[in-house]
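Enquirer: below: sequence and its predicted model.
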Amino acid sequence: RLPPHTAVRAFEAAARHGSFARAAEELFVTPAAVAQQIKALETWAGGALFERHSQGIRLSAHGRRALPALSAAVDQLGLAVQALRQETQTAARRSTLQVAALPAMAQLWLSPRLSRLKAALPGVQVSVTALEQPPNFRREPFDLGLFYARGAEAAVGATGIPLARDRLVPVCSPRVRPSQDSGRPRPIDDLIDVLAQSGGLHDTVWRDDWSRWLQAVRPGTATAEADALAAGPDFSLYSLALQAALDGEGVLMGRERLVAPLLEKGRLHAPWGRPKALGDTLMLWVPAHRKGPLLAQQVQALQALVD
């Protein structure tokens with residue numbers, strides 16, 4: 001008898017992450033469930049696959065030898081299941097587009113453009129799943145992914161198509177700091193004064209945006225100094241930090257592509273100017289196993305959404 005697939009998945013995820021807790025997050029179960037599944041697999045195999053220590057876990061010699069083949073098998077099973085799903089949907093003449101997207105991109109960039117996307121893909125049901133990180137496209141049933149990428153960042157099992165470069169710029173409610181009558185950007189020292197009073201608003205995923213921007217506009221600024229200057233509340237979602245900025249609670253380091261509609265409406269403004277392109281790119285991730293004219297049509301439809 002083969003061991004349960006859930007036990008193999010638990011082992012493979014824990015071995016890849018080096019953590020039962022992180023494997024549990026990926027598999028949407030508890031760490032105790034992961035530990036139980038791995039224990040069952042070890043009983044089936046007749047030997048320990050992990051060494052348990054007070055500081056964490058480490059693969060045993062048996063586990064290290066088993067991991068590459070098991071990872072490849074899980075990848076192959078994921079691809080086979082996706083191929084079966086595509087075949088059955090084609091036979092039933094159903095057409096769906098499953099998009100994985102960063103929460104901020106799903107809410108602030110893709111959602112306002114969904115009607116245009118559906119118009120470009122008539123008859124297609126578009127579903128969007130918000131994820132903090134790009135999925136493993138060999139295993140997860142997503143047709144496309146929308147995430148930010150910086151530098152050479154990659155997604156497992158996918159190739160990247162750059163949609164647009166983005167820029168960082170500090171934004172706030174006009175109540176926090178009005179623009180100068182001259183129309184010229186306010187000096188950086190003025191921003192420092194505002195940050196001293198209300199702090200910088202942070203999204204936990206992009207917490208280093210403030211440091212990167214301050215170091216770009218104030219050469220010689222150390223990371224520790226930049227972090228201290230922009231010290232402020234953290235938010236688990238960018239949309240929450242954005243709402244705090246709209247409510248006049250502080251200054252947000254804006255991703256220009258995400259805050260552009262609010263800037264155009266005057267609900268936010270950028271009194272200090274100086275938008276900086278620092279290598280952040282809106283990236284469309286295409287699973288490597290997807291081919292054909294339908295894929296080309298979907299990619300073109302998403303590329304056309306870039307204003």
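Expert: Noted; the coordinates are in hand.
Enquirer: helix, strand or coil: sort out residue 51 for me.
Expert: Assigned by DSSP: H, G, I helix; E, B strand; the rest coil, the conformation of residue 51 is strand.
Enquirer: with adjacent residues omitted, what lies nearest to it?
Expert: residue 58 (4.7 Å; C-beta to C-beta, 6 or more residues apart in numbering). In short, each C-beta sits where N, CA and C put it, glycine included.
Enquirer: quick one, what contacts that neighbour?
Expert: 18, 50-51 (C-beta atoms under 8 Å, 6 or more residues apart in numbering).
Enquirer: mind listing what's buried along the helix or strand that it is a member of?
Expert: Under the criterion of DSSP states H and E, residue 58 resides in strand 56-59. Applying a neighbour-count criterion of 16 or more other C-beta atoms under 10 Å, one finds 57, 59 buried in strand 56-59.
Enquirer: ok, stretch 112-121 next?
Expert: Neighbour count says stretch 112-121 has 117, 120-121 buried, by 16+ other C-beta under 10 Å.
Enquirer: give me the contact list for it.
Expert: Under C-beta under 8 Å, 6+ apart, the answer for stretch 112-121 is 97, 110, 124, 126, 128, 261, 297-298, 300-302, 304-305.
Enquirer: give me the phi and psi for the residue lying closest to residue 175 once chain neighbours are set aside.
Expert: Among residues not flanking residue 175 along the chain, residue 248 sits closest, at 4.4 Å (C-beta to C-beta, 6+ apart). As for residue 248, its main-chain torsions (degrees, to the nearest 10) stand at phi 80, psi 20.
Enquirer: give me the number of residues near residue 248?
Expert: Residue 248: 12 surrounding residues under other C-beta atoms under 10 Å.
Enquirer: now, the buried residues of stretch 112-121 that are in helices?
Expert: With helices taken from DSSP state H, the overlap with the buried residues of stretch 112-121 comprises 117, 120.
Enquirer: including pLDDT and distance to residue 6, could the buried residues of stretch 112-121 go into a markdown table?
Expert: Converted to a markdown table, those look like this (pLDDT from 0 to 100; distance: C-beta to C-beta, whole Å):
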| residue | pLDDT | distance to residue 6 |
| --- | --- | --- |
| 117 | 96 | 36 |
| 120 | 95 | 40 |
| 121 | 93 | 35 |
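Enquirer: ok, so of the buried residues of stretch 112-121, who is nearest residue 230?
Expert: Nearest to residue 230 among the buried residues of stretch 112-121, counting by C-beta to C-beta, is residue 117 at 35.3 Å.
Enquirer: show me where this protein has strands.
Expert: Along the chain, the stretches classed as strands by DSSP state E are 50-53, 56-59, 96-101, 125-130, 144-150, 158-165, 168-171, 200-203, 234-235, 251-255, 280-287.
Enquirer: tell me the buried residues in stretch 253-268?
Expert: 253-260, 262, 268.
Enquirer: in CSV: the contacts of residue 58, plus distance to residue 137.
Expert: Output for the contacts of residue 58, formatted as CSV (distance: C-beta to C-beta, whole Å):
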residue, distance to residue 137
18, 22
50, 27
51, 32
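Enquirer: what about the stretch 1-150 of the chain, any weak spots by pLDDT?
Expert: By pLDDT under 70, the low-scoring segments of the stretch 1-150 of the chain are 89-94.
Enquirer: give me that answer again for 80
Expert: 1, 82-83, 85-95 (pLDDT under 80).
Enquirer: mind listing the helices for it?
Expert: Secondary structure of the stretch 1-150 of the chain (DSSP state H, counting those that start in this stretch): helices at 5-17, 20-27, 31-45, 61-91, 103-104, 114-120.
Enquirer: how about those helices, which one is nearest residue 178?
Expert: Of these, nearest to residue 178 by C-beta to C-beta is helix 103-104, at 27.0 Å.
Enquirer: report the contact partners of residue 263.
Expert: 171, 269-270.
Enquirer: run the last query once more with 10 Å
Expert: Counting by C-beta atoms under 10 Å, 6 or more residues apart in numbering, residue 263 touches 169, 171, 254, 256, 269-270.
Enquirer: how about residue 201?
Expert: Counted by C-beta under 10 Å, 6+ apart, residue 201 has contacts 170-172, 210, 230, 232-235, 238, 240-245, 249-254.
Enquirer: switch the cut-off to 6 Å
Expert: Residues counted as contacts of residue 201 (C-beta atoms under 6 Å, 6 or more residues apart in numbering) are 232, 241, 244-245, 250, 252.
Enquirer: likewise residue 126?
Expert: Residue 126 touches 97, 118, counting by C-beta under 6 Å, 6+ apart.
Enquirer: that one pairs with what?
Expert: Residue 126 forms beta bridges with residue 97, as assigned by DSSP bridges.
Enquirer: what separates it from residue 64, distance-wise?
Expert: To residue 64, residue 126 is 42 Å away according to C-beta to C-beta, to the nearest Å.
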